[in-house]
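# my questions concern the predicted model and sequence given below.
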Amino acid sequence: MILVSAAGLAHAVERIVPAEPGALAMAVAGASPGDTLILAPGRHDGPVVLEFAITIDGAGQALVEGSGLGSVITVTGEDVTLRGLEIRGSGDAHAEVDSGIKLGRTARRALVEDNVLVENHVGIHVFGARDSIVRGNEVIGRRLHRMNSRGNGIYVWNAPGTVVEGNHIRYGRDGIFANASRDNIFRDNIMRDLRFAVHFMYTNNSEVTGNASIGNHLGFAIMFSNRVRVVGNLSLSDRDHGIMLNYANNADVSGNLVRGGTTEKCTFVYNAHRNLIVGNRFEGCGIGIHFTAGSERNVITSNAFIGNQTQVKYVGTTDVEWSHDQRGNFWSDHPAFDLNGDGIADSRFRPNDLMDHILWSQPAAGLLLGSPAVQLIRWSQASFPATLPGGVLDSYPLTRPVLIPVPAEILQIETTNRPAWLDGSDEDDDSFPDQG
């Protein structure tokens, strides 16, 4: 069988497909495994189904347009390559997940690269197609009034070994949505004007590295997933949260920059355990990090909390140490000395006091913040630490913050990007409900 297959591929040919009605379907029907179809510049009719190894190359000048029903290009065969195409005109059915490109369960080792997918319901749907590569594509989603009625840019379902890298995704619902999958890599993607940049549900043993989320409702949402690496990502001016761990365990969250401005919470940790949160920079948010719902046995060290309105929100009656191996975190509001110059402050730091706990449980107490009684309570706790409640304690606070540079290309996008919600528009009216 291997010899027969090799013999067939040895006779593979390259064909030019004219931009004429019905020509693409005819060319696919007449092709053999291993053939390459070069699409002439112009419009080509979809939909089309690819059932065997074939390459379709548009050289950046060919448009494949669907009929508005179903998916534009459906792949069911192995080793298919789609390159240099503009793809439009999918249907809008949620149940069938109508897409610009749909990789079915039998479409192993597909390569989808350097395409432009415009206003399809879902840009690229990797529906169980193992070991596929999706790279260098531009996905521009639909802008329906309700964000939750839109489709995702790239949707990965139960497709182990899939790599999604170097894509630019804008508009739609979620940039990358991975569900019930494992052993995936999502790296170096740029996502903006979305609900979530990256959204994991039941996706284990995977990595999210080097991505940029700009002006989305939420940057990186890791939910009901285990052993995920969230490393070296950027969340810039996302609205609600930069990073969220929701029922996520044994994750490595390191080297990420969350820079707010309008962001409610740099990081939200909800019922998440045994995670490493190391070497991140949380800057300019309403809350630097919010821990709730019994999140325990997490290692939190070498992070920088800079200029957040509330550095930490953690309600508890016992002390929780936020340092590891005598190395804590940097706190921009800690007036510390380092007399021996070892980079560790000479005094411990508590980011919260009793009044913080009162304000979290009784927000109306905020009216009393400027009163002499409140100031007396805070002075007493600072002078007599034994009166402090339980909560976060950093015994080895750092005197120098971690620095995480932003590449010039990303900085330019951050500077010029202005999502609809920033101007108070109700165009993007769907919010993720807070859980505590």
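Looks like it arrived, so ask away.

# I'd say residue 124 and residue 97 touch.
No. Residue 124 is not in contact with residue 97 according to Cβ atoms under 8 Å; the separation is 10.7 Å. (C-beta placed from N, C-alpha, C; glycine too.)

# and residue 28, helix, strand or coil?
helix (DSSP: H, G, I helix; E, B strand; the rest coil).

# wait, I meant residue 410
Residue 410 is classified as helix under three-state DSSP.

# would you mind listing where the stretch 201-350 of the chain has pLDDT under the threshold?
Counting by pLDDT under 70, the stretch 201-350 of the chain has low-confidence residues at 293, 316-317.

# which parts of it are helices?
Along the stretch 201-350 of the chain, no segments are classed as helices by DSSP state H, counting those that start in this stretch.

# and the longest strand for this structure?
strand 55-65 (DSSP state E).

# residue 124 and residue 97 - which one has more neighbours?
More crowded of residue 124 and residue 97, by other Cβ atoms under 10 Å: residue 124, with 30 against 18.

# just the mean pLDDT for the strand or helix carrying that one, thanks.
Using DSSP states H and E, residue 124 sits within strand 122-127. Across strand 122-127, the average pLDDT comes to 98.

# quick one: strands adjacent to that strand?
strand 99-103 (parallel), strand 154-157 (parallel) (DSSP bridges).

# mean neighbour count, those: which tops it?
The highest mean neighbour count among the strands paired with strand 122-127, using mean count of other Cβ atoms under 10 Å, belongs to strand 99-103: a mean of 30.

# list the contacts of that strand.
66, 71-75, 82, 87-88, 90, 110, 112, 115, 117-118, 120-127, 129, 132, 139, 151, 155, 159 (Cβ atoms under 8 Å, 6 or more residues apart in numbering).

# which of the residues in the longest strand of the chain are buried?
55-58, 62-65 (16 or more other Cβ atoms under 10 Å).

# for residue 100, see how far away residue 244 is.
Separation of residue 244 from residue 100 (Cβ to Cβ, to the nearest Å): 28 Å.

# cool, residue 118 as well?
8 Å.

# give me the common contacts of the two.
87-88.

# what about the helices in the stretch 1-150 of the chain?
Going by DSSP H, counting those that start in this stretch, the stretch 1-150 of the chain shows helices at 2-10, 23-29.

# hey, least reliable of the ones you listed by pLDDT?
For the helices of the stretch 1-150 of the chain, the weakest mean pLDDT is recorded on helix 2-10, namely a mean of 47.

# ok now the strand holding residue 124, how far from the chain's centre?
In terms of Cα atoms, centre = their mean, to the nearest Å, the centre of strand 122-127 is found 16 Å from the chain centre.

# the nearest residue to residue 255 once chain neighbours are set aside and residue 268: what is the separation?
Once flanking residues are discounted, residue 255 sits nearest to residue 232: 4.6 Å by Cβ to Cβ, 6 or more residues apart in numbering. From residue 232 across to residue 268, the span is 20 Å (Cβ to Cβ).

# which ones are touching residue 202?
179-181, 224-225.

# returning to that earlier point: higher neighbour count, residue 232 and residue 268?
residue 268 (26 against 19).

# quick check: the more buried one touching residue 290?
Yes. Look at residue 268 against residue 290 with Cβ under 8 Å: they come within range, at 5.0 Å.

# show the pLDDT at residue 415.
pLDDT, residue 415: 90.

# I believe it is in a helix; please confirm or correct that.
Yes. Under three-state DSSP, residue 415 sits within a helix.

# residue closest to the middle of this structure?
residue 198 (2.4 Å; Cα atoms, centre = their mean).

# which element is that one on?
Per DSSP H and E: strand 196-201 holds residue 198.

# ok so, going back, is the residue nearest to the centre of the chain bridged to anything, and to what?
residue 176, residue 220.

# who touches it in this structure?
Counted by Cβ under 8 Å, 6+ apart, residue 198 has contacts 174-176, 178, 186, 189, 191, 208, 211, 213, 219-221.

# and residue 166, how many neighbours?
16.

# what pLDDT does the model give it?
In this model, residue 166 carries a pLDDT of 98.

# so it sits against residue 188, correct?
Yes. Counting by Cβ under 8 Å, residue 166 touches residue 188, with 5.0 Å between them.

# contacting residues for residue 152?
So, once contact is read as Cβ under 8 Å, 6+ apart, residue 152 ends up touching 122-123, 141, 172-177, 199.

# try 10 Å this time
Neighbouring residues of residue 152 by Cβ atoms under 10 Å, 6 or more residues apart in numbering: 97, 99, 121-125, 139, 141, 169, 172-179, 194-196, 199.

# do the same with residue 89
45-47, 63-72, 98, 100, 118-120.

# what's the local residue count around the closest residue to residue 417 other than its chain neighbours?
In this structure, residue 417 finds its nearest non-sequential neighbour in residue 215, 4.8 Å apart by Cβ to Cβ, 6+ apart. Using other Cβ under 10 Å, residue 215 has 24 neighbouring residues.
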